[in-house]
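Novice: fold the following.
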Amino acid sequence: MEQQQAKTTGGGAERDDGRSDPWRLTQRAFDPARAARDETLFALANGTLGVRGALEEDDSPSDGTFLSSVFEQNPIHYHERFPGFTRSTDTRVPVAEGKHIRLRLGDAPLRLRDAEWLDFERTLDLAAGALDRRLRLKTAQGHTLEIRARRVVPLAERALLAICFEVASIDYAGPLTLGSSIETGRQAVEQGDDPRIGVHGGKDLRVADEQADAEGAQLTQRTHHSGVALVCAQRHRLSPGLVFVGAEVGQGRVEQRFSATLSPGASVVIEKYVAYDDGNGRAQDGAGAVLARAQRDGFDRIAATQADAMQGFWQRAGLSVDGDPAAELALRFNLFHLLQSAGRDGINGTAAKGITGEGYEGHCFWDTEAFVLPVMAYTAPDVARAMLMYRFRTLDGARDTARAMNHPRGALYPWRTIAGRECSAHYPSGSAAYHINAAIAYGIGLYLDASDDLDFLSEAGAEILFETARIWPQAGHFNPRLGGAFCIHEVTGPDEYTTLVNNNWYTNRMAQRHLQRAIDAWRRLSADRPDALRALATRIGLDAAEVALWQRAADAMHLPVDDALGIHPQDDDFLAKPRWPFPRREGPHRPLLLDYHPLTLYRHQVCKQADVAMAMVLAGDGVDLATKRRDFDYYDAVTTHDSTLSAPVYGILASEVGQDGKAWDYFDASLRVDLDDLHGNTDHGVHMAAMAGSWLGLVQGFGGLRVVQGRLEFAPTLPAAWRGYGFNLRWRGCALRVDVDARGVRYRLDEGDALAFGHVGSEVVLKPGLDVVLPLAVPSPPKQPFPRACEALIFDLDGVLTDTAHTHYRAWKRLADEIGVPFDLQVNERLKGVDRMASLEIILERATRTYSAEEKRALAGTKNGYYVQEIASVGPQDLFDGVREVLDAARAAGLKLGLASASRNAPALLEKLGIAGCFDYIADAGRIVRAKPDPAIFLDVAAALGVPAHRCIGVEDAAAGIEAIHAAGMAAIGIGDARALRHADAVIPHINAFDLRTFVSP
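Specialist: Predicted coordinates:
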């Protein structure tokens, strides 16, 4: 790009962290290497039109402008095509670029690559919905200019870009020419080897009807295959001194030129208005009508109207964070992008990358309803309604998809689409994801709960619910081998690393909720809109007998709990697969799908994203907290979070089950996915679901919000990093404000007569002018009850039965001193429960050079030699007091005993301590690939003992060990500091305080 040669300046941080103003994202240095990312971050949109944040006066290969309705259709080629395979895909393509205003000083064009950049600032004003930019530069000829630009894409117009562009002379005297153009020719981005970007590049659009004169300029574009046409036109308002001097038309480009004479201290201003007409709007949305209004009103009035619209939104959707301005800015930034990219006309969908880039070809997925729509339902219900109307508009396409999948009745929404047709060529992770229907039903249900919009239900929502519910009895059956349980086969859940499975738990749970929503809609319309129901039922051939079948399927839905682990199995076979055996990868995040064949992924217990955890968040009411905690612990250990949809879900669930540290980590990861480009593909557009996930993390995670049987329920907590936070919600015509700090939770009703909701299990009725202050919910991990049924005790060694921790420390310290690496007791704390090689990696973090794998093995061997020397004198006298009594009592009670130590010297050490014969099984630490907190070693011991995990009690002295025990589905007893081991089910100070009668039922 041209800017690569530019000399840029800007002291301090590249972007403001919110401390100076948590309403403005400000960049004070231009980095050519990150230009594409920044064009995404500073993009503007309004649900129909999206304009990336590149500079008006220069070229960028990653720049682009998009209309949500404009796409090309490209054929999909298969070597072997089977019935029902997708034949073509929709691909978002860039439309005519209208932002350019190029400069000439005399006869010399201004090229930013040749100029010296003296000062640069670009600001996204979240309060006003505008992009401001300032650049002071010195040209190659030695002239100093300052360029100021303000840009808006008004929410009040269908597809208008308005720019106020000012050029000020600092020391230049002479003629200035401004070339304002509309340009075409940019093609969609090719995928390469990354399926997250897109599938097809495609040809640029055909151009016709190019016109330009003193009044304006325009051109028409048409796609090659999809039948889409659009008009792009521009007009201007000029400051005194600027005059029209000519126009140019041809080769897909139209330009108007304006000239003035500058002197030092003087400036000129051009207001540029660019309108797009895709034929989907009303008469007043035509390009000519829009431009006439813009010219009449002028930029200042357009910008003021936009600021008013944004002020209204922020009044409805306000949020605050006390003590963390960076988080406050990031939350507002994410919510701003959600608002401006969400489809709001009922015609176009909400794409995974919004309207800020070409990622995923501009396709809409299930995360629209699962993540983005809930945010809009709580903050901008009219937008949520429009998003669902897009699904209603594409219902016939869903019916076509169902027929292609051999379903004679009903509708199956496509996995990915723009126009309503299935666009996925990979049916295992695409067409098999039947849960898309349930996600849309979830979105409809939440919108109805929030709005009680009976008109929407009778005119659109019920038809979607009914037609999509019809698919479940066709995809599943009542299984006589499982006592008539309703089972759903050969589907794919949210986890795309596990495909074509039977009884995906998330799918079954969401299908059950979907069927119940459809039944409730039938009953509601029977009571309140019987004529509308009768007409709809007649039109689609629905009767009460079919609705009764839905009820039977919902009641009989197969939703098992694994007896051995006490968790919900992701599907029938997931828990039988081996765990992912490959080591964790270091460096920037890179998803496994870029390096491994899908079958390699499918054969292992490895999850791309939240699956069972997603079910717990969307439909977890009725599941006890202890089971949710076991689900969280187990699946968190096998999830890579390669999808940005994953971290928000795990963060919300972590908050609910008392995993405060992980709740914060996952919230922070979703908060800054795009601001920090955490997944390396923000260049191609923002991550709408992750942005929504950050808001949901605030409100559903820390705020504890759930909707249970149509009613709001709160259980707020306060993150340790914050002094307080607050958020606004819309609910059934009421405006609710929730503020949380260390003193408690304040609920305030800003609109509405009264609102009833739940707070940590208690009933609250809120009325205007009567704020209610209630105590925080302080969730702790659900404790396993004691005494409990138990068949085996599984012990750690160091710190539980004897103290060799300091012996390990001395051996590691000796090695560290020899290689010149700093090592102290603080670093040693991190080694608790960690195996030898992992401990060495922690120590070598401070090394001044890198070590080869062979050198590391040698170092580990040296350390082990020192440790063996140290323990040569160990004997029975080194057992902690009470150990033998505990082991003897367990034996007498008929319990099996196992040892789960990360030490490879454990067998020899037990022999020296004289208790090796007490244990039925000692884990071979050399066979365990993953160290604690992974549960593998505890699961290995339980399997060897032949005891189900939930019938085992683990005993540990380290937090990582407690986490591993819980992830294995066992109860955990901690030995040591109660604060450090607060997540254990019980804590005792020392092994001699272990009373078998306290913990094990007779």
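Novice: what about the chain, any weak spots by pLDDT?
Specialist: 1-15, 18, 188-203, 584-588, 778-782, 832-834, 929 (pLDDT under 70).
Novice: so for the protein, which residue is the most central one in space?
Specialist: Ala690 (2.5 Å; C-alpha atoms, centre = their mean).
Novice: ok, now how distant is that one from Ala669?
Specialist: According to C-beta to C-beta, to the nearest Å, Ala690 stands 9 Å off from Ala669. Where C-beta positions appear, they are placed from N, C-alpha and C, glycine not excepted.
Novice: that older thread, assign a three-state SS to the residue nearest to the centre of the chain, would you?
Specialist: helix (DSSP: H, G, I helix; E, B strand; the rest coil).
Novice: next: Val740.
Specialist: Val740 is classified as strand under three-state DSSP.
Novice: off-centre distance for the longest helix anywhere in the chain?
Specialist: Ranked by residue count and defined by DSSP state H, the top helix of the chain is helix 287-317. Chain-centre distance of helix 287-317: 31 Å, with C-alpha atoms, centre = their mean, to the nearest Å.
Novice: which elements pack onto it?
Specialist: strand 130-138, strand 144-152, strand 160-169, strand 229-238, strand 267-277, helix 325-341, helix 373-379, strand 724-731 (3 or more C-beta pairs under 8 Å, 6 or more residues apart in numbering; DSSP states H and E).
Novice: quick one, which of those is packed in tightest?
Specialist: Sort these by mean neighbour count, taking mean count of other C-beta atoms under 10 Å, and helix 373-379 sits at the top with a mean of 26.
Novice: separation between the residue lying closest to Leu373 once chain neighbours are set aside and Val612?
Specialist: Counting by C-beta to C-beta, 6 or more residues apart in numbering, Leu373 lies nearest to Gly443, which is 4.3 Å off, once chain neighbours are set aside. Applying C-beta to C-beta, the value for Gly443 to Val612 is 21 Å.
Novice: C-terminal to the longest helix of the chain, what's the next element?
Specialist: With elements assigned by DSSP states H and E, the helix or strand that comes after helix 287-317 is strand 319-322.
Novice: that next one: which residues count as buried?
Specialist: The neighbour-count check on strand 319-322 (16 or more other C-beta atoms under 10 Å) flags Leu319, Val321 as buried.
Novice: and for stretch 700-714?
Specialist: Gln700, Gly701, Phe702, Gly703, Gly704, Leu705, Arg706, Val707, Leu712, Glu713, Phe714.
Novice: OK, contacts around the first one?
Specialist: In other words, Gln700. Val617, Ile652, Arg706 (C-beta atoms under 8 Å, 6 or more residues apart in numbering).
Novice: swap in the fifth one?
Specialist: Residues touching Gly704, when contacts are defined by C-beta under 8 Å, 6+ apart, comprise Ser655, Glu656, Glu713, Phe714, Ala715, Pro716, Thr717, Val760, Ala777.
Novice: just the ones of those residues in strands?
Specialist: Using DSSP state E, the members of those that fall in strands are Glu713, Phe714.
Novice: top of the contacts of Gly704 by number of neighbours, please.
Specialist: Ser655 (27 neighbours; other C-beta atoms under 10 Å).
Novice: that residue contacts Gly701, correct?
Specialist: Yes. If you go by C-beta atoms under 8 Å, Ser655 and Gly701 touch, sitting 4.1 Å apart.
Novice: okay, and the common contacts of these two?
Specialist: Common neighbours of Ser655 and Gly701 (C-beta under 8 Å, 6+ apart) are Ala663.
Novice: ranges for the helices of the stretch 651-800 of the chain?
Specialist: 660-671, 688-696 (DSSP state H, counting those that start in this stretch).
Novice: out of the ones you listed, which one sits most buried?
Specialist: Mean neighbour counts for those (mean count of other C-beta under 10 Å) peak at helix 688-696, with a mean of 28.
Novice: nearest residue to Ala439 other than its sequence neighbours?
Specialist: Nearest to Ala439 is Trp366, by C-beta to C-beta, 6+ apart, at 4.1 Å.
Novice: neighbours of the one you found, how many?
Specialist: By other C-beta under 10 Å, the residues close to Trp366 number 24.
Novice: try Leu895
Specialist: So Leu895, with other C-beta under 10 Å, has 20 neighbours.
Novice: surely it meets Ala789?
Specialist: No. If you go by C-beta under 8 Å, Leu895 and Ala789 don't touch, sitting 11.2 Å apart.
Novice: pull out the buried positions in the helix or strand encompassing Pro907.
Specialist: If you go by DSSP H and E, Pro907 is part of helix 906-913. Across helix 906-913, burial judged by 16+ other C-beta under 10 Å covers Ala906, Pro907, Leu909, Leu910, Lys912, Leu913.
Novice: pretty sure the last one contacts Thr804?
Specialist: By that I understand Leu913. No. Between Leu913 and Thr804 there is no contact under C-beta under 8 Å: 9.9 Å.
Novice: who touches both of these two?
Specialist: Val874.
Novice: domain parsing for the chain?
Specialist: As assigned by automatic domain parsing, the chain contains the domains 2-80+96-312, 319-774, 792-999.
Novice: would CSV of these with distance to Lys783 be doable?
Specialist: As requested, these are exported to CSV (distance: least, C-beta to C-beta, whole Å):
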stretch, distance to Lys783
domain 2-80+96-312, 39
domain 319-774, 8
domain 792-999, 5
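Novice: and the gap between the residue nearest to Leu373 and Val375?
Specialist: When Gly443 is compared with Val375 (using C-beta to C-beta), they lie 11 Å apart.
Novice: same check, this time on Val167
Specialist: Applying C-beta to C-beta to Val167 and Val375 gives a distance of 40 Å.
Novice: for Met510, same thing?
Specialist: Distance from Met510 to Val375, by C-beta to C-beta: 19 Å.
Novice: and Pro240, by the same measure?
Specialist: Taking C-beta to C-beta, one finds Pro240 at 46 Å from Val375.
Novice: next one: Ala872
Specialist: Taking C-beta to C-beta, one finds Ala872 at 63 Å from Val375.
Novice: go on, Leu465?
Specialist: In terms of C-beta to C-beta, Leu465 sits 22 Å off from Val375.
Novice: also Trp522?
Specialist: For Trp522, the distance to Val375 - C-beta to C-beta - is 29 Å.
Novice: could you single out the nearest of the contacts of Gly704 to Val491?
Specialist: When the contacts of Gly704 are compared for distance to Val491 (C-beta to C-beta), Glu656 wins out at 26.5 Å.
Novice: that closest one contacts Lys628, correct?
Specialist: Yes. Look at Glu656 against Lys628 with C-beta under 8 Å: they come within range, at 6.5 Å.
Novice: one step back: can you list the contacts of Gln700 in a markdown table and add distance to Asp114?
Specialist: Formatted as a markdown table, the contacts of Gln700 follow (distance: C-beta to C-beta, whole Å):
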| residue | distance to Asp114 |
| --- | --- |
| Val617 | 54 |
| Ile652 | 51 |
| Arg706 | 58 |
